[in-house]
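Visitor: here is my input, please return the structure:
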Amino acid sequence: MTPITQTSKNVQHEPARFNMREARFNMIEQQIRTWEVLDPVVLALLDEVPRENFVAESQLGLAFADVELPIGHGQTMLSPKLEGRILQALALKKTDKVLLIGTGSGYLTALLAKLTAHVHAVEIYPELSDVAKTRLQQQSIHNMTLYVGDAANGFAVAAPYDVIVFTGSMPLRPIAAEKMLNVGGRLFAVTGEMPIMQATLTQRVSEVSFRHDTLFETCLPPLVNAPQAPKFEF
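Guide: Take a look at the predicted model:
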């Protein structure tokens, strides 16, 4: 009886494993490559890290879809193609110390940790940080430190950083956070207001100068407590 039961289990679960592999392949080939993500290191990483392990069980069918998945508290998981563009734009190094503002599902933390020395990830909602911590530990990712707090203006606790990533949009450039970069450091942020937002890359060229490049147009939900432009009263 035991061999028959084991065979039945194998037959039952094999299609699910196959479909997951196929869905991941299609995500990379049909979404990410077509959005000009061609870096072989990034593509291999997206194939390696199981995105499905960073979504709720009820969302497994959408784990590889070209959508921003809701994760609670009005927050979303970034779309796969945007995650790919972020990783490619940052040109990550094994020696980099990273600040991620918005831990969210934990998936982008995992991707960054695989390519860098250490990730400091800050999440304003304790429940999201707790879920991300469990998922990261299950994937044996330990070169990260998770914090609960408000990092809309940067996070001085572990500054300076080689890389800073904002996962929510803001109307203005994050000037306070830019000053937390090492010389040679890079910062990714989406700035502007609906319906026009731009993904930007800031590089610290020297102690006193920065280079700002617009990468592409996109839209993201706003970062909680993002700095706002001063309002003029008449």
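Visitor: now do the same end-to-end measure for stretch 112-130.
Guide: 18 Å (C-alpha to C-alpha, to the nearest Å).
Visitor: for it, what is the average pLDDT?
Guide: Averaged over stretch 112-130, pLDDT sits at 98.
Visitor: pull out the buried residues from it.
Guide: Neighbour counts over stretch 112-130 (16 or more other C-beta atoms under 10 Å) mark 112-116, 118-125, 128-129 as buried. Where C-beta positions appear, they are placed from N, C-alpha and C, glycine not excepted.
Visitor: then stretch 133-149?
Guide: Residues Lys133, Arg135, Leu136, Gln139, Ile141, Met144, Leu146, Tyr147 are the ones in stretch 133-149 that count as buried (16+ other C-beta under 10 Å).
Visitor: go on, stretch 19-33?
Guide: Buried residues in stretch 19-33 (16+ other C-beta under 10 Å): Met20, Ala23, Arg24, Met27, Ile28, Gln31, Ile32.
Visitor: reformat those residues into TSV and put pLDDT, distance to Asp39 and secondary structure next to each item.
Guide: Listed next are those as TSV, based on pLDDT from 0 to 100; distance: C-beta to C-beta, whole Å; DSSP: H, G, I helix; E, B strand; the rest coil:
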residue	pLDDT	distance to Asp39	secondary structure
Met20	88	24	helix
Ala23	94	21	helix
Arg24	95	17	helix
Met27	97	16	helix
Ile28	97	12	helix
Gln31	96	15	helix
Ile32	97	10	helix
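Visitor: if we take those residues, which one ends up nearest to Ile164?
Guide: Ile32 (22.7 Å; C-beta to C-beta).
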